[in-house]
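K.L.:
got a predicted structure plus its sequence, pasted below:
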Amino acid sequence: MTREVWPGKPYPRGATFDGTGVNFAVFSQAATRVEVCLFDPQDPSKEMDRFELPAVTDCTWHGYVPGLEPGTLYGLRVHGPYEPQKGNRCNPHKLLVDPYAKALHGVVDWSQPVFGYPLGHEKQDLMRDERDSAAGMPKCVVVSDYFDWGNDRRPDVPWRKTVIYEAHVKGLTMRHPKVPEHQRGTYAGLAHPAVIEHLLKLGVTAVELLPVHEFADDSFLGEKGLSNYWGYNTLCYFAPEQHYASRRTPGAAVNEFKGMVKALHAAGIEVILDVVYNHSCEGNHLGPTLSLKGIDNATYYWLMPDARYYLDFTGCGNSLNVSNPQTARLVVDSLRYWVEEMHVDGFRFDLATVLGRVGKGEFSPNAAFFQIINQDPVLGRVKLIAEPWDVGLGGYQVGGFPAPWREWNGKYRDALRRYWKGDENLAGEVGYRLAGSSDLYQEARRRPQASINFVTAHDGFTLHDLVTYSHKHNEANGEHNRDGADDNQAWNCGVEGETDDPAIISLRERQKRNLLASLFLSQGVPMIVAGDEMGRTQRGNNNAYCQDNELSWVDWNLDERREALLEFTSRLIHFRHGQPVLQRRRFFQGKHIWDSEHKDLTWFRPDGTEMSEDDWGKPFVRSLAFLLGGDAIPTPDERGQRIIGDALLVLLNAHHEPVHFTVPSPAEGSRWVIEFYTAEDKLGPDTPVPEGRFELTGRSLAVFRQVSRD
């Protein structure tokens, strides 16, 4: 078939349907010509037509084909130099995914010649393989942007009121008994009323979804009968993962994803995406040629002085070079698309330090990428969360990102785990973490909400496993238990793994409550992992990235103990929502504000005296208390009115034996009542506190609220 191809436009990039035809635009400085191949929708392995993009403007190759419609399957072939020593890896024999494709259909077939070089040859990647890879490649899909959003509105939840729920689209819903079987594991399943009801009951305000950008499975995992369940192996930054759609027709994932966002927004829940702009699925110099590598390798990736090899700040073989304007444009265009067209509310950036690397690869908080985001009228108003580390030199940057970025606070996680495990020399560290980590953020004039607080995440032990295993048990991953972190700051409470011992079970349940209570009583933004509120276990596997099975999926079949944990967690979150003193927008000053009855923050020893500077440095301090002044909040509400909430007194005892606390006096005319006591969860709320002294059980936490005596 010979098609009429007009010059078209160099923007927008990708394949854009305008109602009467499709405009194609592809950037490549390395290309000498670019071809578009069209495939049969009934048989995607069959190429139906091929045409060259007739025009080029500032290295963007473009053309317009009248009559093409949504649902068209296509791929790219880029002609140009194959000179790995100079960083060029063009190979027109390899069908490529358009970096701006809005949907993909099909998967990478590793049995096909998808590598740019002949495997097994002694010179390996220095020679170009001339076998056609089309049969082994997913095809891009032309989509229509039309969707009936109705009266969809962003919940726009302030950071101080935000509670994040990290979840996997498939893992959250695969075992939910109220979700229809054909919707389990899908966007539609996550939007099901039963799932939304759970989120609302729990009290979370945002779901943070593990990667939903189209990703490729790893060939070595397929050989083991495993798969890349987490999805940190991106193939296309615009296309929603097709396998999370309940319908498998080409492009169906786009509208189903939009429907999920619309349903969550209607419930007041924000959608945050975990995005992987630090590397791609193409690996190192011996990796496959699937997209960017074959389009313009030297533009998109960080290369070593010997340009054959890649700089790897990620541990995944390559790193995207966002310091290059064209790579930055790809990332920013992708982000803007997900905000404007897909209506998402924010992003969590995996290994975000990579995005701030400049020059020879050093990190800079003033990197151009951060400035672009900050100045962008679309992206500057959404939630931006950094995982502030990578594996490169100087990669750990907690506290080093510029405003308005928020950060996963790994120091918070480690401090709280170690404290409740009973480690020494932690008083000062725990004090900083509970109070919002001013040591990390105040000097740069950032706020407590710069800290995303968490004790567990998808990567590592679940909350249940954190108190059940002291060591990882990753044998199911097929790497002889060598993968995953060895240092987990976990404690099994005396027995490795599950047990019938009632004393150990009781201690483990108390430790879960201690960790959850600490999290939701801390200043900053709390995040929990799907299933932790119900005691989900991975049987000691702390690296379940390849376990797409019941080991990773949330189990909704709850016994009495798990029901109790769910109820406790929900009560904690709703308590936090109702307490302005837990949502402070400024750091504590340790003094009276206005005419407050209490200081904004006061720390006490168990004997009731205020802690001195020397007390913070004592190695054996495992028991302490703090009082939050509910009328000592310096910032006004949205209408400029003074905020006055309850005064809260929190007692913490990480010692294994009971400790007697002298309870500080409440304000005149007031008394303390118990809101939470992790040793006796059924005690409270509103149980009066005995005057003067309170015996706090070993490894437990209590929360008192000040109320009027009337």
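P.N.:
Structure's in. What do you need? Numbers count the residues shown, from 1 in each chain.
K.L.:
helix or strand right after whichever strand or helix holds residue 256?
P.N.:
Assigned by DSSP states H and E, residue 256 belongs to helix 252-266. With elements assigned by DSSP H and E, the helix or strand that comes after helix 252-266 is strand 270-275.
K.L.:
and that next one, which strands flank it?
P.N.:
The pairing partners recorded for strand 270-275 under DSSP bridges are strand 206-209 (parallel), strand 346-349 (parallel).
K.L.:
could I get the ones you listed as TSV with distance to residue 572?
P.N.:
C-betas here are computed from N, CA, C, even on glycine. Formatted as TSV, these follow (distance: least, Cβ to Cβ, whole Å):
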stretch	distance to residue 572
strand 206-209	17
strand 346-349	23
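K.L.:
returning to that earlier point: so which bits of the helix holding residue 256 are buried?
P.N.:
By 16 or more other Cβ atoms under 10 Å, the buried positions in helix 252-266 come out as 252-265.
K.L.:
also stretch 626-637?
P.N.:
Neighbour counts over stretch 626-637 (16+ other Cβ under 10 Å) mark 626, 627, 628, 629, 630, 631, 632, 633, 634 as buried.
K.L.:
in which helix or strand does the nearest residue to the fourth one once chain neighbours are set aside reside?
P.N.:
It refers to residue 629. Spatial nearest neighbour of residue 629, chain neighbours left out: residue 598 (3.6 Å); criterion: Cβ to Cβ, 6 or more residues apart in numbering. Assigned by DSSP H and E, residue 598 belongs to neither a helix nor a strand.
K.L.:
go on, residue 455?
P.N.:
With DSSP H and E as the test, residue 455 turns up in no helix or strand.
K.L.:
and it, how far is that from residue 206?
P.N.:
18 Å (Cβ to Cβ, to the nearest Å).
K.L.:
then residue 261?
P.N.:
Counting by Cβ to Cβ, the gap from residue 261 to residue 206 is 12 Å.
K.L.:
report pLDDT for residue 685.
P.N.:
The score at residue 685 is 66. That number is its pLDDT.
K.L.:
still on that earlier bit, what sits in contact with each of residue 261 and residue 206?
P.N.:
Residues touching both residue 261 and residue 206 (Cβ atoms under 8 Å, 6 or more residues apart in numbering) are residue 271.
K.L.:
returning to what we had before: packing partners for the helix holding residue 256?
P.N.:
Here helix 252-266 touches helix 187-190, strand 234-240, strand 270-275, going by 3 or more Cβ pairs under 8 Å, 6 or more residues apart in numbering; DSSP states H and E.
K.L.:
closest to residue 211 out of those?
P.N.:
Across these, residue 211 has its closest neighbour in strand 270-275 (5.4 Å, Cβ to Cβ).
K.L.:
now whichever helix or strand comes after that closest one: average pLDDT?
P.N.:
Following the chain from strand 270-275 toward its C-terminal end, the next helix or strand by DSSP H and E is helix 292-300. For helix 292-300, mean pLDDT is 98.
K.L.:
with stretch 26-45 instead?
P.N.:
Per-residue scores along stretch 26-45 average to 97.
K.L.:
flag every buried residue along that stretch.
P.N.:
26-28, 30-31, 34-39, 41, 44.
K.L.:
also stretch 591-601?
P.N.:
Neighbour-count burial for stretch 591-601 flags 593, 596, 597, 598, 599, 600, 601 (criterion: 16+ other Cβ under 10 Å).
K.L.:
would you agree the fifth one is in contact with residue 632?
P.N.:
Yes. Between residue 599 and residue 632 there is a contact at 6.3 Å, judged by Cβ atoms under 8 Å.
K.L.:
anything in contact with each of the two?
P.N.:
Counting by Cβ under 8 Å, 6+ apart, the residues touching both residue 599 and residue 632 are residue 592.
K.L.:
circling back: restricted to strands, list the buried residues of stretch 626-637.
P.N.:
Per DSSP state E, strands hold the following members of the buried residues of stretch 626-637: 626, 627, 628.
K.L.:
I'd like to know how far the first one sits from residue 198.
P.N.:
Put plainly, it is residue 626. According to Cβ to Cβ, residue 626 and residue 198 sit 32 Å apart.
K.L.:
domain ranges for this protein, per the record?
P.N.:
Residue ranges for each domain of the chain read 14-141, 161-457, 588-708, as given by automatic domain parsing.
K.L.:
what about the helix or strand residue 707 falls within, distance to the chain center?
P.N.:
Here residue 707, judged by DSSP H and E, is contained in strand 700-708. The chain centroid and the centroid of strand 700-708 are separated by 33 Å under Cα atoms, centre = their mean, to the nearest Å.
K.L.:
with stretch 199-209 instead?
P.N.:
14 Å.
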